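S.K.: Here is the input, now give the coordinates:
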Amino acid sequence: MSETLSRDLLDQSATELVAALAARQVSAAELTDQAIARIEARDGPINAVVVRDFDRARTQAKAADAALARGERGALLGLPMTVKESHNVAGLATTWGFEHARNWIAPEDAVGVARLKAAGAVILGKTNVPVSLADWQSVNPIYGRTNNPHDLTRSPGGSSGGGAAAVAAGMVPLEFGSDIGGSIRVPAAFCGLFGHKPSYGLVPTRGHAPPGVDGAAIALAVVGPLARTAADLTLALGAVAGPERQDAKAYRLDLPPMQRTGLADYRVLILDTHPAAAVDSEIRAALDGLGSGLARLGAYVTRSSDRLPDLAKAHELYGGMMGVAMSRGGPEPSKATAHEWMGLLDGQEVVRRAWAAFFREIDIVLAPTMGAVAFPHVQMGPETANGLIIDGQPTPYFAQLFWPGIATLANLPATAIPIGQTKSGLPIGAQVIGPYLEDLTTIGFAGLVEREFGGFVPPRL
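M.R.: Numbering: from 1, shown residues only. Below you'll find the predicted structure:
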């Protein structure tokens, strides 16, 4: 093992670690043991990796080393990582935080998990979530509360909060999460990471459903990666994207390359205000600073467009669809009729067409992932409906769904990026939204911003 790798092994990116494994500078067994040691040393006060599968991980690592010795290569061969608790992993519990599902054991891997394993990833365990994946905190009656490694008194985000905390704390270089209401993007922002919400349907979601549910894909919901670099998002997306089962007989993945190769070539709309969803002044200042930096480099930066879809109407549609989608598998099913649901789908299609027209004139939208940075833990309930404090003022908690909903309703790709820190040292994040199936453009743009303006800043553990 090289001196550099032995000194800061797990602080390397996933891309760097895969290259080191292929070059035989480190073994998968060594890397796995060091990741396990970090989890055991760091996770106590954070409580991120709540389902640990270390014995099977060591077996996977030995198999990866044997494959590497034979000269085999894989996108993630030998790389230790974690997955969100809501993904089925054969032989492990999948609860979604529901007390009634405490003992439900997944009979097989979710498609995404199976693809990660096929790419050579070593799955160390599963990370914490809120009940029903329905909060921007990560706490449930089975596994307790996950804390933000930047400030243990604050939320790491949700619902992929456990995974974001694990990656930010340096326990693992990569996490596989999910997103319907910002569940990848908000934790990435709160923990200072990169995270990618794929275009809807790009990555199969079979095996990511409430315990015991196995059927059609959930509307709006996607699965995708969190990491400390933009390049790692591309690496992970390549391992899990593409059609499955019978669709793969006729369809092949052929994502278009990123639209433009330099920041100066991009046309960017900054969207940072909305009357119903407040935004912290430090987030707006960071977005404004990024916009000014992009303009100095030659990018076209604007704050308005006549082609921007009706965001208020879109948010109303998003709320209606979310109400149905999030009730699936829970104790209170939605009472929406079939015709009401079809009306929502019709409205969604109108919004999607409007965004397609918009993106003929603009390449990228920059917006908050959420209007607040990582906030202190709160006990959810009717009395805390207005308990989110932004710029000293109480604001409706779930009004913040507006920001992730921009991309979610229209099935668009959105990449979360770190863009600075508050005066108190908390991460500030934004989301890069692009045209449908232009996932490599939003991730690529994130990588260009990372290179030019900086990226992940580790917490002071």
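S.K.: what residue is smack in the middle of the protein?
M.R.: Computing the C-alpha centroid of the chain and ranking residues by CA atoms, centre = their mean puts residue 184 first, at 2.4 Å.
S.K.: Quick one: residues contacting the closest residue to residue 281 other than its chain neighbours.
M.R.: Here the nearest residue to residue 281 in space, its sequence neighbours aside, is residue 391; by CB to CB, 6 or more residues apart in numbering that works out to 5.4 Å. The way it works is simple: take the backbone N, C-alpha and C, and place the C-beta from them, glycine included. With contact taken as CB atoms under 8 Å, 6 or more residues apart in numbering, residue 391 is in contact with 278, 280-281.
S.K.: Now the residue nearest to the centre of the chain. Nearest residue, chain neighbours left out?
M.R.: Take residue 184 and drop its neighbours on the chain: the residue closest to it by CB to CB, 6+ apart is residue 195, 4.2 Å away.
S.K.: swap in residue 407?
M.R.: Distances taken as CB to CB, 6+ apart put residue 414 closest to residue 407, at 3.8 Å, once the chain neighbours are dropped.
S.K.: again, but for residue 456
M.R.: Excluding its sequence neighbours, the residue lying closest to residue 456 (CB to CB, 6+ apart) is residue 228, at 4.4 Å.
S.K.: okay, that neighbour: pLDDT?
M.R.: Per-residue confidence at residue 228 stands at 98 (pLDDT).
S.K.: quick one: it and residue 406, what's the gap?
M.R.: Distance of residue 228 to residue 406, computed by CB to CB, to the nearest Å: 25 Å.
S.K.: longest helix of this protein?
M.R.: For the chain, the helix that runs over the most residues, judged by DSSP state H, is helix 338-358.
S.K.: Which positions in that helix come out as buried?
M.R.: Of the residues in helix 338-358, those buried under the neighbour-count criterion (16 or more other CB atoms under 10 Å) are 344, 347-348, 351-352, 354-355, 358.
S.K.: Pick the one among these closest to residue 298.
M.R.: Nearest to residue 298 among the buried residues of helix 338-358, counting by CB to CB, is residue 358 at 22.1 Å.
S.K.: Identify the residue nearest that closest one in space, chain neighbours excluded?
M.R.: Using CB to CB, 6+ apart and skipping the chain neighbours, the partner closest in space to residue 358 is residue 307 (4.3 Å).
S.K.: ok, the residue of the chain most remote from its centre to residue 174 distance?
M.R.: When distances are taken from the C-alpha mean of the chain, residue 70 lies farthest, 34.0 Å away, according to CA atoms, centre = their mean. With distances defined as CB to CB, the gap from residue 70 to residue 174 amounts to 24 Å.
S.K.: Check residue 209 too.
M.R.: Going from residue 209 to residue 174 by CB to CB gives 23 Å.
S.K.: Looking at these two, which has the bigger crowd around it?
M.R.: With neighbours defined as other CB atoms under 10 Å, residue 209 and residue 174 compare such that residue 174 has more, 30 against 22.
S.K.: Please tell me I have it right and that one contacts residue 81.
M.R.: Yes. Taking contacts as CB atoms under 8 Å, residue 174 lies within contact range of residue 81: 4.1 Å.
S.K.: What are the buried residues along the helix or strand following the longest helix of the chain?
M.R.: Under the assignment DSSP states H and E, the closest C-terminal helix or strand after helix 338-358 is strand 364-368. Buried positions in strand 364-368, judged by neighbour count with 16+ other CB under 10 Å: 364-368.
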